[in-house]
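Undergrad: Okay, predicted coordinates and the sequence, questions at the end:
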Amino acid sequence: MAKRNDWELIEREFRTGRFSLTQLEKRHGVHRSNISRRAKKYNWEQDLTDRVRERTQQKITKASLSPEAQAAFDNDDEQIVEYAANENAAVVKGHRKNLERWRGIAERYAELLESQLAEGKIKVQMLDVITEIDIPLEYVGKCMGHGTQALDRVVKLERQNYGLDANDKDEGVKTFEELMSEVAPDDPATE
């Protein structure tokens with residue numbers, strides 16, 4: 001008797017975009033050409049990443065609504081959009097305020113290093129005594145490394161937050177939506 005294939009499972013895995021045809025063949029024992037033919041025949045849409053991200057955002061938005069707003073969630077898109085936009089604006093304002101604080105810290109750090117370099121000495125604690133010593137070159141290098149790294153991070157976050165590099169994709173920096181999609185639980189209560 002011929003083996004029955006679980007085509008629903010194969011379709012779900014195909015549509016996630018996470019598996020190649022060869023991987024699906026190994027997982028289900030169905031030749032990749034048969035999977036490909038069936039996918040074309042039934043118009044299986046591959047890689048639902050954008051739709052999953054959009055649905056995650058919808059769940060996050062709905063979960064953050066008041067009970068009254070949740071009741072209207074499916075009825076009035078304009079109210080939902082306005083509420084979500086207000087929430088997002090508040091978050092962005094908070095980010096900008098924090099970025100301003102971090103920029104100030106970085107500037108004070110640079111001023112402190114400048115004053116130490118101008119004096120040529122730093123105060124260090126040796127046992128119970130604080131004494132002045134000549135500034136070690138290694139100390140200056142580490143301070144500059146840490147300071148420029150902190151400033152670089154603040155500048156990247158500011159540019160991202162203010163939308164200054166909208167066309168540039170920094171593969172090492174994830175967007176807010178990407179970070180949220182990683183931490184958002186698949187909570188059936190928010191569906």
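TA: Arrived safely. Numbers count the residues shown, from 1 in each chain.
Undergrad: Strands along this structure, start to end?
TA: Taking DSSP state E as the test, the strands found in the chain are 121-126, 129-134.
Undergrad: Nearest to L9, out of those?
TA: Nearest to L9, of all the strands of the chain, is strand 121-126, at 65.3 Å by Cβ to Cβ. Where you see a C-beta, it was placed from the backbone N, CA and C, and this is true even at glycine.
Undergrad: Check which helices and strands that closest one is in contact with.
TA: strand 129-134 (3 or more Cβ pairs under 8 Å, 6 or more residues apart in numbering; DSSP states H and E).
Undergrad: Show me what the strand it packs on is packed against.
TA: By 3+ Cβ pairs under 8 Å, 6+ apart, strand 129-134 packs against strand 121-126.
Undergrad: What strands line up against the strand it packs on, and which way round?
TA: Based on DSSP bridges, the pairing partners of strand 121-126 within the sheet are strand 129-134 (antiparallel).
Undergrad: what's in contact with the partner strand?
TA: Strand 129-134 is contacted from outside by G120, K121, I122, K123, V124, Q125, using Cβ atoms under 8 Å, 6 or more residues apart in numbering.
Undergrad: what does stretch 18-32 give?
TA: Contacts for stretch 18-32 (Cβ under 8 Å, 6+ apart): K3, N5, D6, L9, I10, E13, F14, I35, S36.
Undergrad: And for the third one, the neighbour number?
TA: So the one you mean is D6. By other Cβ atoms under 10 Å, the residues close to D6 number 11.
Undergrad: From I35, how far off is the nearest residue to it once chain neighbours are set aside?
TA: Leaving aside its sequence neighbours, D6 sits nearest to H28 (Cβ to Cβ, 6 or more residues apart in numbering; 7.1 Å). Separation of H28 from I35 (Cβ to Cβ, to the nearest Å): 8 Å.
Undergrad: Ok, D128 next?
TA: 75 Å.
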